[in-house]
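Undergrad: Fold the following, please.
(2 chains)
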Amino acid sequence: MDSFSKPAVKLTNISKIYGFIQALKNINLVIYPGETIGLVGNNGAGKSTLLKIISLLVKPTSGSINLFDQEVNDDIHLFKREIGVLLSFPFFYEDMTGRENFHFFLQMKKRANNPQKIIHDIIAQYDLKLFIDRPFYELSTGMMKKLDILRTVTPNFPKLLLLDEPFSGLDIENRKFLFNLITRRAVGSTVILCSHDLSSVKSVCSKVIFLEKGKIKKILDPPEYDYLLDHLA
Amino acid sequence: MIRDIIILARKDLLLEFRKKETIYSMGLFTLASILIFSGLLNFISTALEIKYSISVASMLFIITFSIMLGLTSIFSREIKKNSIYQLLSLSIKPQVIFLSKLVYLGIMIGIIEILTFILAIIFLRINFQGNVLIFLVVLTIGTLDLTIAGCIVAFLTLYAKSKTLAIPILFFPLVLPSILIETQVTLNILFMYNLESIITNTLILFFHAILILVFSLLVTEELINE
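TA: Residues are numbered from 1 along each chain as shown, chains lettered A, B, ... in the order given. Below you'll find the model as predicted:
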């Protein structure tokens, strides 16, 4: 059995309750390495909560999570090494420059041996010279997002990349950059993204999961994507 | 682990000293309080021993309230934009986050204590009659105790909506015994010098600090998760 036939993500009976609100109800899901999965649904469907649970940022109320064919146990931090997360707001510290932020996150990633060189390479590769030494709060929304996306794939593309609304706030050029990043990624890396932008989801995802009121309503293959047009508000 | 704690604490200190909001508010509070107490003590005519007792008590009062000012901002950079996920996404144990915040708060309080004692010597006219070294040891242990208690309160109120109300409600009962003991032991060192009592009280402070630290490390993971 090769490693591609073992699931990258396996969720069993995942439920999440916030106070009196049940955000997710008995989610069962298997995602294999190399897949690009889109999570779609109306507001409050549970997309972001599901993404946070898979990225181990939020604990489910019940159910079990398997990542890379191992049950997620007490040593959550070991699994986090293999996960890149982009949420709807940037992870960078506002009062630090892009360079300082990159340096901080690279230092915290145990695999980054030479942060200075990695930052130097990113600046050269993505033409960030004009922005990298400015305080983060001074940057435009699109540039913040671009730097935040680069953070998730630096120093290496993670085994599991989770993106929450990655296309929002990006101009055409930066959308192309993100498309390229997702489609030309390392073989075997899994990408899960949630978005309201159906055309972008359709163009990059190999499968789409339609969530409704905290439940998986339907899992769609590319030929079935038109189903979404009728069911999304 | 130690490397991670240093990196995280250094990041917090860098962010603090870039804006200097918390350290300025703590410093200004200290200065204003000492000036008020010194003005008060200069007006009343009473025995020197009572004046010294009030001075020591006021110093500890100032330090405790300075810690409280620091506590409200300890997670402000992460929470103000709901970005506690920054820390949670890192491949580190929650205990590392706790210890890094402890180091950050400890350094901030250390700076404020140095300021407090310089101002106290000038304005409250405190004369050291005891052993300065023992005084520093007791002060360090007492500060550590208050800092650990402060840090766990900051964790307990991480997701609290009314943090300014929740922090004093939790912080004062936790540190009140320590403050009373620390006042006693500081007075003892400065003016009476009963070594047996000093050692006993210092040990109580030390074990109180260790107890809260162990408890904090055990519950950190539950507290940091929503």
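
Undergrad: what's the burial count for residue B:102?
TA: Using other Cβ atoms under 10 Å in any protein chain shown, residue B:102 is surrounded by 22 other residues. To be clear about C-beta, it is placed using only N, CA and C from the backbone, and glycine gets the same treatment.

Undergrad: quick one: what helix or strand has it in it?
TA: helix B:94-123 (DSSP states H and E).

Undergrad: Also residue B:85?
TA: Short version, using DSSP H and E: residue B:85 is in helix B:84-88.

Undergrad: got the buried residues for stretch A:33-53?
TA: A:33, A:35-41, A:45-53 (16 or more other Cβ atoms under 10 Å in any protein chain shown).

Undergrad: Next one, pLDDT for residue 112 please.
TA: All of this is about chain A. According to the prediction, residue A:112 has pLDDT 64.

Undergrad: Sorry, I should have been clearer: chain B.
TA: Reading off the model, residue B:112 has pLDDT 86.

Undergrad: Show the contacting residues for the residue nearest to residue B:93 when sequence neighbours are not counted.
TA: Take residue B:93 and drop its neighbours on the chain: the residue closest to it by Cβ to Cβ, 6 or more residues apart in numbering or on different chains is residue A:77, 5.4 Å away. Each residue near residue A:77 by Cβ atoms under 8 Å, 6 or more residues apart in numbering or on different chains is listed here: B:90, B:91, B:92, B:93.

Undergrad: Find the nearest non-adjacent residue to the third one, please.
TA: Of all residues not flanking residue B:92 in the chain, residue B:4 sits nearest, at 5.2 Å (Cβ to Cβ, 6+ apart).

Undergrad: Confirm the one you found sits in a helix?
TA: Yes: Residue B:4 sits within a helix when classified using DSSP: H, G, I helix; E, B strand; the rest coil.

Undergrad: next structured bit after the helix holding residue B:102?
TA: Next along from helix B:94-123, by DSSP H and E: helix B:132-156.

Undergrad: for that next one, which positions count as buried?
TA: Here helix B:132-156 shows B:134-135, B:138-139, B:141-156 as buried, counting by 16+ other Cβ under 10 Å.

Undergrad: Tell me the residues of chain A that contact chain B?
TA: For chain A, the residues in contact with chain B (Cβ under 8 Å from any Cβ of the partner chain) are A:18, A:52, A:55, A:57-59, A:77-78, A:80-81, A:83, A:85, A:87, A:89-91, A:93-96, A:100, A:104-105, A:107-110.

Undergrad: Count the neighbours of the nearest residue to residue A:56 once chain neighbours are set aside for me.
TA: The shortest distance from residue A:56 to any residue other than its chain neighbours is 5.2 Å, reached at residue A:76 (Cβ to Cβ, 6+ apart). Neighbours of residue A:76 under the rule other Cβ under 10 Å: 19.

Undergrad: got the contact list for the residue in chain B sticking out farthest from the centre?
TA: For chain B, the residue at maximal distance from the C-alpha centroid (Cα atoms, centre = their mean) is residue B:45, at 31.6 Å. If a contact means Cβ under 8 Å, 6+ apart, then residue B:45 has no contacts.

Undergrad: Now do stretch A:183-190: everything it contacts.
TA: By Cβ under 8 Å, 6+ apart, stretch A:183-190 touches A:3-4, A:8-9, A:31-37, A:153, A:156-161, A:191, A:204.
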